[in-house]
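Asks: Quick one, structure for this:
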Amino acid sequence: HVQLVESGGGSVQAGESLRLSCVYEYEYSATCMGWFRQAPGKEREGVASIWTYDGRTSFADSVKGRFTVSRDNAKNTIFLQMNSLKPQDTAMYYCAAGNPGRVLSNNEYLYWGKGTQVTVS
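Replies: Numbers count the residues shown, from 1 in each chain. Alright, predicted model coming up:
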């Protein structure tokens, strides 16, 4: 059984911050956790990723310098800290788990949460 549950979304003003959380139940020992987002009418895109065993991270160019990703392995939780939010960050944000070759490719993750909405105005 694999379950991913996101939380922390909301509505904020441009320039403000949000922190998303993803609690996962996952049995794989070497796991990459990814954050993805999908805005209305657009394809889902990779935002950030983190390998749970060594903490290696990757970010999309659009969020570099504004977003960070971290993990708490003891609590099976990953976080996406989003600072200096922009209206173009508005989207449904999803957490995913897998062992991808390309960490920001949404075609390479096996398990997905249901998402949490982020709206920036």
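Asks: bridging residues for the most centrally placed residue in the chain?
Replies: In the chain, the residue lying closest to the centroid (C-alpha atoms, centre = their mean) is Trp35, at 2.0 Å. On DSSP bridges, the residues paired with Trp35 through beta bridges are Ala48, Cys95.
Asks: so who does it touch?
Replies: With contacts taken as C-beta atoms under 8 Å, 6 or more residues apart in numbering, Trp35 has the following neighbours: 20, 22, 46-49, 69, 78, 80, 93-96. Yep, even glycine has a C-beta here, placed from its N, CA and C like the rest.
Asks: Can you tell me which of those residues are buried?
Replies: In terms of neighbour count (16 or more other C-beta atoms under 10 Å), the buried residues within those are 20, 22, 46-49, 69, 78, 80, 93-96.
Asks: still on that earlier bit, separation between the residue nearest to the centre of the chain and Glu45?
Replies: Between Trp35 and Glu45 the distance, using C-beta to C-beta, to the nearest Å, works out to 10 Å.
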